[in-house]
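**Q** Make a model of this:
(2 chains)
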Amino acid sequence: MKIKLTAKPGTTSEIKTGNWREQHYPEIDHEKCIGCGMCDTVCPEGICFNTGEKNKAGKFFYEKDLDYCKGCGLCAEACPVKAITMREEKK
Amino acid sequence: MKKILEGSRAIAETIKNIGVDVVSCYPITPQTHIVEDLAKFKADGEADYEYVRAESEFAAMSILVGASAAGARTYTATSSQGLLLMTEVLYNVAGMRLPIVMTDANRAISAPINIWNDQQDAVTVRDAGWIMLYGENNQEVCDLHVLAYKIAEACQIPVMVNLDGFVLTHTLEIIEIIDSKSIKKYLPAFKPSEKLDPKDPLTFGAFATPKHYMEIRQELHDDVVASKKMIAKEMTSFKKYFGRKLSLVDYYGDKSADTVVVAMGSVLGTIKDAIDELKKSGKKVGVLKVSSLRPFPAEEIIKEIGNKKNVIVIDKSLSLGEEGILAGELKRSFYGKSKATITSVIMGLGGRDITKEMIKKAITQAGKSRNQAVFIGK
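**A** Now for the predicted structure:
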């Protein structure tokens, strides 16, 4: 056996998987966001994150990382203030 | 030490002496006694392997994938529907090059549901990338298990040792069980080149795109081909260690016979008796035992019987709509290399006893070339 069949884990930090996304992506309305972190909790890919910045209401708001987002829409479903909208993506 | 043992018990004792680390099983007739005995050894404090009673055969084999990847010497046994339920994992085991050894107590496949012996189960996963060995009697089956670990670990290819369910698993024979001290001398400790370790994480069974997949599959193919040489070498070495002969093919009977019967497994005993009787009445017939379906010993078979006129292949399995599996293998191997007429005879499906009279009837098919199999059931 000459071909190495095993691989070191963590290769996705180099290989972006966002291009697998189905045809919708989340858009977060920073002004509506209350910083509850529900989107981060439900995201299977862990791509919603606290930006550390505050909106006009003084709340920390969230952003998404489209390099890894698969477009499942769970964040939009779970957001208690409907700050996330799934938008159609034209590829 | 020689003992009178049931086939299943003899296999269990051999596995215990081999010194496996993890046994993961789900019981199924006619394999049950093997895994029961292994569980009892563990419960009685006679063995120190980890014994996992899985919730299905799919789980049993999956548990071994993890155990083997973590560097453990592993074992399981199954039969029939259980083997089919494992199918997806069997391909993964071979593809991940894990040297798992498994016993398959050969049994018929449903439907109709039938718990008795034939050889349809194992041949159904013939192309999974496992080395597939067949024992004629329980002594040979036990010896093949010791050999199996040597080959599996050296070639990084899993090995399935086949024996006829009930006919062998539930039959008592005088058997010499190789003790653990002697096995240790023959079989070095399992030292995988890479293994799972939480301190140094590794991905097994990783994704392979069209850029890499084909070469990986070709390498597995090449290594299964190359394993034949290793098996032959280890069989010779086995004789030096333990004094008993193992071989890829074995010819029995008159060398000048122009008709030969080819088979795998326990039916060979009946065939040998039948041709001994025919010899008394002046009819010369030979028998060729095939001990390995993968890798297939094509050159060895042609060397032994390529010059014969008629070859009758007795199969306890078939590709429905075509012919016996072993018969098909022979036809493929003989193409352009031998002028023998090969006849596929199907016998003993679903536990139908194969008698000497049936074998003699099969021999009357010699030279009758057909495209499809002949069934002989009485």
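**Q** rest of the way, CA atoms for contacts and neighbours
**A** Will do.
**Q** Distance from stretch B:331-343 to the middle of the chain?
**A** Relative to its chain's centre, stretch B:331-343 lies at 24 Å (Cα atoms, centre = their mean, to the nearest Å).
**Q** how about the CA coordinates for it, as PDB?
**A** Taking C-alpha atoms only, stretch B:331-343 is exported to PDB below (Å, rounded to 0.1, in the frame of the first residue of the first chain):
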ATOM      1  CA  LYS B 331     -14.800 -20.100 -17.300                       C
ATOM      2  CA  ARG B 332     -13.400 -16.600 -17.100                       C
ATOM      3  CA  SER B 333     -10.000 -17.900 -16.000                       C
ATOM      4  CA  PHE B 334      -9.900 -20.700 -18.600                       C
ATOM      5  CA  TYR B 335     -10.800 -18.500 -21.600                       C
ATOM      6  CA  GLY B 336      -8.000 -18.900 -24.200                       C
ATOM      7  CA  LYS B 337      -5.900 -21.000 -21.800                       C
ATOM      8  CA  SER B 338      -7.700 -24.300 -21.700                       C
ATOM      9  CA  LYS B 339     -10.000 -26.300 -24.000                       C
ATOM     10  CA  ALA B 340     -11.800 -28.000 -21.100                       C
ATOM     11  CA  THR B 341     -15.600 -28.100 -21.200                       C
ATOM     12  CA  ILE B 342     -16.900 -26.500 -18.000                       C
ATOM     13  CA  THR B 343     -20.300 -27.400 -16.700                       C
END
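**Q** Pull out the buried residues from it.
**A** For stretch B:331-343, the neighbour count (16 or more other Cα atoms under 10 Å in any protein chain shown) marks B:K331, B:S333, B:F334, B:S338, B:A340, B:T341, B:I342, B:T343 as buried.
**Q** Now do the same contact list for the residue in the stretch 51-200 of chain B that chain A sits nearest to.
**A** Closest contact between the stretch 51-200 of chain B and chain A, by Cα to the nearest Cα, is at B:M96 (7.1 Å). Counting by Cα atoms under 8 Å, 6 or more residues apart in numbering or on different chains, B:M96 makes contact with A:L5, B:F204, B:G205.
**Q** Return the closest of these with respect to B:I113.
**A** Distance to B:I113 across the contacts of B:M96 (Cα to Cα) is lowest for B:G205, with 34.7 Å.
**Q** Torsion angles phi and psi at the closest one?
**A** The phi/psi pair for B:G205 (degrees, to the nearest 10) reads phi 70, psi 40.
**Q** measure it to chain A for me?
**A** In this view, B:G205 and chain A are 7 Å apart by Cα to the nearest Cα, to the nearest Å.
**Q** who touches that residue in this structure?
**A** B:G205 is in contact with A:L5, A:T6, B:N92, B:G95, B:M96, counting by Cα under 8 Å, 6+ apart.
**Q** Could you check the pLDDT of it?
**A** Per-residue confidence for B:G205 comes out at a pLDDT of 91.
**Q** Ok, B:K309 next?
**A** Note for B:K309: predicted pLDDT of 97.
**Q** Measure how buried it is and give me the count.
**A** Using other Cα atoms under 10 Å in any protein chain shown, B:K309 has 17 other residues around it.
**Q** Apart from its neighbours in sequence, what residue is nearest it?
**A** Of all residues not flanking B:K309 in the chain, B:A340 sits nearest, at 4.7 Å (Cα to Cα, 6 or more residues apart in numbering or on different chains).
**Q** For that neighbour, give me its contacts.
**A** For B:A340, the contact set (Cα under 8 Å, 6+ apart) comprises B:G306, B:N307, B:K308, B:K309, B:N310, B:V311, B:F334.
**Q** ok, which residues in the stretch 51-200 of chain B are in contact with chain A?
**A** Taking Cα under 8 Å from any Cα of the partner chain as the test, the list of the stretch 51-200 of chain B residues beside chain A reads B:M96, B:C155, B:Q156.
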